[in-house]
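[1] here's my sequence, what's the structure:
(chains A and B)
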Amino acid sequence: DSGVTQTPKHLITATGQRVTLRCSPRSGDLSVYWYQQSLDQGLQFLIQYYNGEERAKGNILERFSAQQFPDLHSELNLSSLELGDSALYFCASSVAAGVTGELFFGEGSRLTVL
Amino acid sequence: ILNVEQSPQSLHVQEGDSTNFTCSFPSSNFYALHWYRWETAKSPEALFVMTLNGDEKKKGRISATLNTKEGYSYLYIKGSQPEDSATYLCAASQGAQKLVFGQGTRLTINP
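    A predicted model of the protein is given here:
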């Protein structure tokens, strides 16, 4: 158990809909990262937050948004869903803002868009 | 755009044999290199984080080296066991942001 909690574990929805994925980082970790893993793709970096502030942005679509709340949990909002958004979404946390500390991954949220 | 390449994509090894695989990344503005082990139906777990050229790290039968000047890292597994079967991911960053993952090397240990 990494200490990172993601909900929901599985989600099935229809095209055009909006969903919210939630992540609670390990106790004491201030950084939260979101990654997307689509079929036959590696982990694609979406966005990172550190202590409530956006720190780095990757290949995140405009239809997607995220935030980190004062209690450090984070939410990833996916809207106007398309079939291609079906993927496993991972949240990871680390203590510091930079990339010299290891990431602790949650178990992922599997999104299926029908 | 930071491109992290791992080779081979998959590997089958006999139990007891040793093996290694490669992670390649751009050497310019290198900041950190991570290795993760990802077992099926679980989440990735960190093996090593390396930042300095020439770094060598070891955890049990698994070790890793880093060459930042030429942009590669090797992961070695000595005396492979069935429980070593997993996908091994490496991730690199340029600057202090955006840890970018490679596609992974899927390792299968044949008993």
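[2] secondary structure class for A:Arg55?
    strand (DSSP: H, G, I helix; E, B strand; the rest coil).
[3] what sits against residue 90?
    Picked chain A for this. A:Gln6, A:Trp34, A:Tyr35, A:Gln36, A:Gln37, A:Leu43, A:Phe105, A:Gly106, A:Gly108, B:Ser43, B:Pro44 (Cβ atoms under 8 Å, 6 or more residues apart in numbering or on different chains). (Each C-beta comes from the backbone N, C-alpha and C, glycine too.)
[4] nope, chain B
    B:Cys90 neighbours (Cβ under 8 Å, 6+ apart): B:Val4, B:Gln6, B:Cys23, B:Phe25, B:Leu33, B:His34, B:Trp35, B:Tyr36, B:Ser73, B:Leu75, B:Phe101, B:Gly102.
[5] which residues are in contact with A:Thr112?
    By Cβ under 8 Å, 6+ apart, the contact list for A:Thr112 reads A:His10, A:Leu11, A:Ile12, A:Thr13, A:Ser86.
[6] I meant to write A:Gly84 there.
    By Cβ under 8 Å, 6+ apart, the neighbours of A:Gly84 are A:Ser38, A:Val113.
[7] got a list of contacts for stretch B:4-24?
    B:25, B:33, B:35, B:71-82, B:88-92, B:100-111.
[8] and the most centrally placed residue in chain A, helix, strand or coil?
    Nearest to the mean C-alpha position of chain A, by Cα atoms, centre = their mean, lies A:Trp34 at 3.2 Å. Three-state call for A:Trp34 (three-state DSSP): strand.
[9] what residues are up against it?
    A:Cys23, A:Phe45, A:Leu46, A:Ile47, A:Gln48, A:Ile60, A:Ala66, A:Ser74, A:Leu76, A:Tyr89, A:Phe90, A:Cys91.
[10] what is the neighbour count of the nearest residue to the first one once chain neighbours are set aside?
    Leaving aside its sequence neighbours, A:Cys23 sits nearest to A:Cys91 (Cβ to Cβ, 6 or more residues apart in numbering or on different chains; 3.4 Å). One way to gauge burial is a neighbour count; for A:Cys91, by other Cβ atoms under 10 Å in any protein chain shown, it gives 31.
[11] give me every residue in chain A lying close to chain B.
    Where chain A comes near chain B, counting by Cβ under 8 Å from any Cβ of the partner chain, the residues are A:2, A:4, A:33, A:35, A:41-45, A:48, A:55-56, A:58, A:90, A:97-108.
[12] let's go with 6 Å and repeat that
    By the rule Cβ under 6 Å from any Cβ of the partner chain, the part of chain A lying against chain B is A:Gly42, A:Leu43, A:Phe45, A:Ala56, A:Gly98, A:Val99, A:Thr100, A:Glu102, A:Phe105, A:Glu107.
[13] and those, which of them are in strands?
    With strands defined by DSSP state E, the entries of those inside them are A:Phe45, A:Ala56, A:Phe105.
[14] surely the first one is in contact with A:Ile60?
    It refers to A:Phe45. No: in this structure A:Phe45 lies outside contact range of A:Ile60 using Cβ atoms under 6 Å: 8.5 Å.
[15] could you pull out the strands for chain B?
    Assigned by DSSP E, chain B shows strands spanning B:5-7, B:10-14, B:19-24, B:30-38, B:45-50, B:56-59, B:62-67, B:72-77, B:86-94, B:100-101, B:105-110.
[16] figure out which of the ones you listed is closest to A:Gly28.
    In terms of Cβ to Cβ, the element of the strands of chain B nearest to A:Gly28 is strand B:45-50, at 16.0 Å.
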